[in-house]
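Chemist: The following block contains a protein sequence and its predicted model.
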Amino acid sequence: MESAELVALLHEVRDRVRARNPETGGGDAAVALPDLMALAHARDAAMGKVAAIGTVNPRAGGLANSLVQSWKRFVSRVLDWHVREQVEFNRKSVACVDATLESLNDFNRALVGLGGRLAAQEKIGGELVDIRNHWADWRFDWEKKLAQNEMQFLRSVADLQAGFQHRGDLMDANYREGRAGSA
């Protein structure tokens, strides 16, 4: 791979990790996300305890210790039927914590998405306020220009009507002169 391809691949992996874990996204989220690490640490500690059920603790070598360890393994096998349900319950509880942790991570991702949408809406809202503020000025100027255009139009119509009336009067006068001269 060339270095440019490698860098592009690293950026892609980083973006995927940030999308999957928004709390590591660089702090540009508009919403403060809860820290889920305490829950993850508690889950890991519980998993360690679940794995330890039914095992015997090792001790330093020797004949007495060997007999004690053999006895502990025997008792552990004998009691296996008794602790089986507890082990199953513990595993299911840890699975429940895993599902909760994953759901909370999904919730964090949704919060980051909503925070981004909210920031975009605030930007649009700011633009709308700006448009509304300028709308009043624009409307005043528009109404002023409209009134001026109406006055000019009405003057033009009055001039045209006066011109039409004058021509009509001239034609009427010419017609009467023409009839008076022929009579």
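Modeler: The structure has been received and is ready for your questions. Numbering: from 1, shown residues only.
Chemist: Which helix or strand contains Ala64?
Modeler: helix 63-78 (DSSP states H and E).
Chemist: cool, Arg59 as well?
Modeler: Using DSSP H and E, no helix or strand contains Arg59.
Chemist: which helix is the longest one in the protein?
Modeler: helix 80-182 (DSSP state H).
Chemist: packing partners for that helix?
Modeler: Other helices and strands packing on helix 80-182, by 3 or more Cβ pairs under 8 Å, 6 or more residues apart in numbering; DSSP states H and E, are helix 3-20, helix 37-52. The way it works is simple: take the backbone N, C-alpha and C, and place the C-beta from them, glycine included.
Chemist: could the ones you listed go into CSV alongside distance to Leu128?
Modeler: Listed next are those as CSV, based on distance: least, Cβ to Cβ, whole Å:
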stretch, distance to Leu128
helix 3-20, 30
helix 37-52, 40
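Chemist: With Arg117 as the reference, name the closest of those.
Modeler: Closest approach to Arg117 among the helices and strands packed on helix 80-182 (Cβ to Cβ): helix 3-20, 15.3 Å.
Chemist: Report the angle between the closest one and helix 80-182.
Modeler: Angle, helix 3-20 to helix 80-182, by axes from the mean of the first three to the mean of the last three Cα atoms, to 10 degrees: 100 degrees.
Chemist: Near Arg43, how many other residues are there?
Modeler: 19 (other Cβ atoms under 10 Å).
Chemist: same thing with Ile53?
Modeler: The burial count for Ile53: 14, using other Cβ under 10 Å.
Chemist: Leaving out sequence neighbours, find the closest residue to it.
Modeler: Counting by Cβ to Cβ, 6 or more residues apart in numbering, the nearest residue to Ile53 once its immediate chain neighbours are dropped is Val87, at 5.2 Å.
Chemist: what's the distance between that neighbour and Val78?
Modeler: Using Cβ to Cβ, to the nearest Å, Val87 is found at 15 Å from Val78.
Chemist: Show me which of these two is the more surrounded one.
Modeler: Each of Val87 and Val78 has its neighbours counted (other Cβ under 10 Å); Val87 has more, 14 against 9.
Chemist: Would you agree that one is in contact with Ala52?
Modeler: No: using Cβ atoms under 8 Å as the test, Val87 is too far from Ala52 to be in contact (10.3 Å).
Chemist: still on that earlier bit, return the alpha-carbon coordinates of the helix holding Ala64 using PDB.
Modeler: Extracted C-alpha coordinates of helix 63-78, given in PDB (Å, rounded to 0.1, in the frame of the first residue of the first chain):
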ATOM      1  CA  LEU A  63       2.100 -33.400  49.600                       C
ATOM      2  CA  ALA A  64      -0.400 -31.900  52.100                       C
ATOM      3  CA  ASN A  65      -1.300 -29.200  49.600                       C
ATOM      4  CA  SER A  66      -1.700 -31.700  46.800                       C
ATOM      5  CA  LEU A  67      -4.200 -33.700  49.000                       C
ATOM      6  CA  VAL A  68      -6.100 -30.500  49.900                       C
ATOM      7  CA  GLN A  69      -6.300 -29.400  46.200                       C
ATOM      8  CA  SER A  70      -7.500 -32.900  45.200                       C
ATOM      9  CA  TRP A  71     -10.200 -32.700  47.900                       C
ATOM     10  CA  LYS A  72     -11.300 -29.200  46.700                       C
ATOM     11  CA  ARG A  73     -11.600 -30.400  43.100                       C
ATOM     12  CA  PHE A  74     -13.600 -33.400  44.200                       C
ATOM     13  CA  VAL A  75     -16.000 -31.200  46.300                       C
ATOM     14  CA  SER A  76     -16.200 -28.700  43.400                       C
ATOM     15  CA  ARG A  77     -17.300 -31.500  41.000                       C
ATOM     16  CA  VAL A  78     -19.700 -32.900  43.500                       C
END
